[in-house]
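In: structure for the following, please:
(chains A and B)
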Amino acid sequence: MGCDIVTVSTDTQFVHLAWQRDEKELAQVKYPMGADPTGKVSRMFGVYDENTGLALRGTFVINPEGTLLNSEVNFYNMGRNIDELLRKFKANIYMAKKTNEACPSKWKDEGDKTLVNPGAKMVGKVHEALNA
Amino acid sequence: MSEMDGGLKLGQKVPDFSLTTYEPTKGDFGKFSLQEQLANKRWTVLFFYPADFTFV
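Out: Numbers count the residues shown, from 1 in each chain, chains lettered A, B, ... in the order given. The predicted model follows:
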């Protein structure tokens, strides 16, 4: 998909190394693990918790032009759903190609119904557009 | 409040940043740079989590 995933925490790269080598669940991990011990990058994205020095569970999608297109932040105790992340990511790629279309909430993959040229004509007629 | 404190808004250009990384595929340290991603026309997904040695 022409995409790179980078994981980031406020641990150092040395701890990343030790954890990835030690934890068998991470044996298959391939993406780079970013070290943000000063919290600079975490602060930039608004996920730095000043009380704990840790980063909240934030996911951010940046397009090849450097524009921030998605953000999702969960508190400590809620894990993220990879299917939802993939859905949003596929939708971003699709809409980058088809700039006159919008992906509705139920859109999952290419071929699913989109809203074409959403505008004045569609006001009050979204149901008809989705079920045409 | 500056951009750095409040968090970036959707649609904003992300200021350049870089991170020292550990690269599991190489078993070595490396560097991630947003500028490099843009130069190579790559999408980026940043995945923040609280801490190593905890469940992610």
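
In: residue of chain A with the smallest distance to chain B?
Out: Ranked by C-beta to the nearest C-beta, the top residue of chain A for proximity to chain B is residue A:46, at 1.8 Å. For glycine as for every other residue, the C-beta is placed from the backbone atoms N, C-alpha and C.

In: look up phi and psi at that residue.
Out: Note on residue A:46: its backbone torsions stand at phi 70, psi 20 [degrees, to the nearest 10].

In: so it makes contact with residue B:10?
Out: No - using C-beta atoms under 8 Å, residue A:46 is not in contact with residue B:10, being 11.6 Å away.

In: the more surrounded of these two?
Out: residue A:46 (18 against 11; other C-beta atoms under 10 Å in any protein chain shown).

In: how close does the residue lying closest to the more buried one once chain neighbours are set aside get to residue A:61?
Out: If the residues on either side of it in the chain are set aside, residue A:46 comes closest to residue B:7, at 1.8 Å by C-beta to C-beta, 6 or more residues apart in numbering or on different chains. Distance of residue B:7 to residue A:61, computed by C-beta to C-beta, to the nearest Å: 15 Å.

In: one more: residue B:11?
Out: From residue B:11 across to residue A:61, the span is 12 Å (C-beta to C-beta).

In: compare these two (neighbour count), which wins?
Out: Applying other C-beta under 10 Å to residue B:11 and residue A:61 shows that residue A:61 carries more neighbours, namely 22 against 8.

In: would you give the sheet partners of the helix or strand that the more buried one is a member of, along with the direction of each?
Out: Residue A:61 is part of strand A:57-62, with elements assigned from DSSP states H and E. Strand pairing for strand A:57-62, determined by DSSP bridges: strand A:68-74 (antiparallel), strand B:43-48 (antiparallel).
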